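[1] Would you be able to build a 3D model of this:
(chains A and B)
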Protein chains: 2
Amino acid sequence: MSAVRAIGGRLILVPNTLDLGAPQAPPIDAVLPAGVLRHAARLAYWIAEDAKTTRAFLKRVNAAVPLARPLQSIDIRELPRPPKGQRSGVVAIDLAPLLAPALAGADIGLISEAGLPGVADPGAALVAKAHQLGIEVLPLAGPSSLMLALAASGLNGQSFAFVGYLPTDAIERTARLHALQQHSRRERQTQIAIETPYRNAALMTALLEALHPQTQLAVACGLTLPAGWCLTRSVAQWREAPPAFDDKHLPAVFLWLAA
Amino acid sequence: MSAVRAIGGRLILVPNTLDLGAPQAPPIDAVLPAGVLRHAARLAYWIAEDAKTTRAFLKRVNAAVPLARPLQSIDIRELPRPPKGQRSGVVAIDLAPLLAPALAGADIGLISEAGLPGVADPGAALVAKAHQLGIEVLPLAGPSSLMLALAASGLNGQSFAFVGYLPTDAIERTARLHALQQHSRRERQTQIAIETPYRNAALMTALLEALHPQTQLAVACGLTLPAGWCLTRSVAQWREAPPAFDDKHLPAVFLWLAA
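    From the prediction side, this is the model:
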């Protein structure tokens, strides 16, 4: 593909840890490759979901691989936030100015709050803009909570769908779960959803009410953290002993496969 | 979840690199966290998609983190292979004996040829058996070619489906692509498929014939390798300049989102 290979700086997709800076966070090198830390330590330009947590991330990187320049001199811009109540949506703001350093020849790092940017996280619109401008996009290997949960669930990993957040309205949510369960059965496809951590118990209740007793349901909570766990049961088994969600801050991933 | 926490050894899901031992493979620490290498170096029991490539993997680990015991003394069992012509399917063989070391208190590593075991790869049935037997499953952070491709595509990462391999029969494949494109449009869901590397060019031709000119189509080839690339174009743009796939061994991921 050398004929269409872009010139200039690249947009480098830098994975973040999954611990969101929790006090019980594992060492950064437990979840991020040394190659990622080396890339992160040399970048002068960043585009981030959140500038403050990116600085905290760079301090953790610095403890493992010294930064090439003082943290204060690193240029960190924030991604425009979607309008309130709109989780992903089309952002009308022109993203091209954020990518100016790449057009001028410098690599830019893109980072989100956890995991891979653009996967269940902001960043995709910026990556799309980079493709439009002919900027090379380089994704670096790192953890994805969705894929860790899928691997740990033992459910079908040859066909799966991530459906994001479910509707908050109870009637809409039940209808959506019935449709997704039917799709899961027809396609033998694992369905994957997430929720804001403090609503995990409520989503679990909704899943146990709406899904068929024989549907396999996996819950993965706080993966990569010491308190992390993943369990797979039939809905019938979960109804007898629902999980606790003791820690209201631990993110969870919910996965189900209809029998 | 301490009440249901399993006792005994764990089934540890160990990610592999994505280079399949290619001559141009990057250093192992470019894609795998040091924490993964430390886990891999101490395990005495492995269950693998392929024993030979697992020994090659452990030699690479040993160069970074010395193995806790001689390679010859490490117990490596192979996953039963699905019957010919059946890519995933239900394996009737009892997998419980493979997990005996965990019931006896020892950790077991599960590893596939590339990426995370059980994700577009064998292993899920063994993980499901571990859950049934009350064995704790611990997934370690590592690269997923599907998620790297998704992040690098700039397509919708808030809703996506991995559909595995497409039918090889041309008529069935076209019908399947039309159905998937319609589903992509209705759900605003990125569709992700893979193919055996030597068939990448043929799949690309089929995609360009079957998909709508305005559908966005991304191709990610050889990610994490020096020759790796990812490009996103409309089908109409690709038709004018299809990609080359010069290297017939590089794995590729195909992603599309209907307009």
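
[2] could you pull out the strands for the stretch 151-259 of chain A?
    Secondary structure of the stretch 151-259 of chain A by DSSP state E, counting those that start in this stretch: the strands cover A:160-162, A:190-194, A:216-221, A:229-234, A:252-257.

[3] between the ones you listed, which gets nearest to residue B:222?
    strand A:160-162 (23.3 Å; CB to CB). Any C-beta I mention is one placed from the backbone N, CA and C, and that applies to glycine too.

[4] Return the residues in contact with residue A:210.
    A:173-174, A:177-178, A:181 (CB atoms under 8 Å, 6 or more residues apart in numbering or on different chains).

[5] Buried ones among these?
    Burial by neighbour count, judged by 16 or more other CB atoms under 10 Å in any protein chain shown, picks out A:173, A:177, A:181 from these.

[6] hmm, back to that, could you provide the strands of the stretch 151-259 of chain A in JSON lines, with additional columns for mean pLDDT, distance to chain B and mean neighbour count?
    Formatted as JSON lines, the strands of the stretch 151-259 of chain A follow (pLDDT from 0 to 100; distance: least, CB to the nearest CB, whole Å; neighbours: other CB atoms under 10 Å in any protein chain shown):
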{"stretch": "strand A:160-162", "mean pLDDT": "98", "distance to chain B": "4", "mean neighbour count": "27"}
{"stretch": "strand A:190-194", "mean pLDDT": "98", "distance to chain B": "9", "mean neighbour count": "24"}
{"stretch": "strand A:216-221", "mean pLDDT": "98", "distance to chain B": "7", "mean neighbour count": "25"}
{"stretch": "strand A:229-234", "mean pLDDT": "97", "distance to chain B": "4", "mean neighbour count": "22"}
{"stretch": "strand A:252-257", "mean pLDDT": "98", "distance to chain B": "10", "mean neighbour count": "25"}
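
[7] so which of those strands comes closest to residue A:203?
    strand A:252-257 (6.4 Å).

[8] re the thing from before, just the contacts of residue A:210: which are in helices?
    A:173-174, A:177-178, A:181 (DSSP state H).

[9] on that earlier part again, and the contacts of residue A:210 as a markdown table, adding distance to chain B and pLDDT?
    Putting the contacts of residue A:210 into a markdown table (distance: CB to the nearest CB, whole Å; pLDDT from 0 to 100) gives the following:
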| residue | distance to chain B | pLDDT |
| --- | --- | --- |
| A:173 | 16 | 97 |
| A:174 | 18 | 97 |
| A:177 | 15 | 98 |
| A:178 | 15 | 98 |
| A:181 | 15 | 98 |
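
[10] can you pull out the helices in chain A?
    Listed in chain order, the helices of chain A (DSSP H) span A:34-42, A:51-64, A:100-103, A:124-132, A:145-153, A:170-187, A:200-210, A:235-240.

[11] ranking those by burial, who's on top?
    Greatest average neighbour count among the helices of chain A goes to helix A:145-153 (a mean of 29), per mean count of other CB atoms under 10 Å in any protein chain shown.

[12] Next, the angle strand A:216-221 makes with it.
    Counting by axes from the mean of the first three to the mean of the last three CA atoms, to 10 degrees, helix A:145-153 lies at 130 degrees to strand A:216-221.

[13] Please see if helix A:145-153 touches chain B.
    Yes - Helix A:145-153 is in contact with chain B by CB under 8 Å from any CB of the partner chain, via A:146-153.

[14] Where does the stretch 151-259 of chain A get nearest to chain B, residue-wise?
    Nearest to chain B, among the residues of the stretch 151-259 of chain A, is residue A:154, at 3.4 Å (CB to the nearest CB).

[15] tally of neighbours for that residue?
    27 (other CB atoms under 10 Å in any protein chain shown).

[16] Could you point out which of the strands of the stretch 151-259 of chain A sits nearest residue B:8?
    Among the strands of the stretch 151-259 of chain A, strand A:229-234 sits nearest to residue B:8 (CB to CB), with 15.2 Å.

[17] so what strands line up beside that closest one?
    With DSSP bridges as the test, strand A:229-234 is paired with strand A:216-221 (antiparallel).

[18] how far does the strand it pairs with sit from the chain's center?
    17 Å (CA atoms, centre = their mean, to the nearest Å).

[19] how big is the angle separating that strand from strand A:252-257?
    Using the same axes, to 10 degrees: strand A:216-221 against strand A:252-257 is 170 degrees.

[20] Can you check what angle separates strand A:216-221 from helix A:200-210?
    Going by the same axes, to 10 degrees, strand A:216-221 makes 180 degrees with helix A:200-210.

[21] In PDB, list the C-alpha atoms belonging to strand A:216-221.
    This file holds the C-alpha atoms of strand A:216-221, laid out as PDB (Å, rounded to 0.1, in the frame of the first residue of the first chain):
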ATOM      1  CA  GLN A 216     -26.400 -17.700  29.400                       C
ATOM      2  CA  LEU A 217     -25.500 -14.400  31.100                       C
ATOM      3  CA  ALA A 218     -21.900 -13.300  32.000                       C
ATOM      4  CA  VAL A 219     -20.900 -10.400  34.200                       C
ATOM      5  CA  ALA A 220     -17.400  -9.100  34.200                       C
ATOM      6  CA  CYS A 221     -16.600  -6.500  36.900                       C
END
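
[22] Can you give the contact residues for that strand?
    A:145, A:148-149, A:152-155, A:200, A:204, A:207-208, A:211, A:228-235, A:238, A:243, A:245, A:250-257, A:259, B:1.
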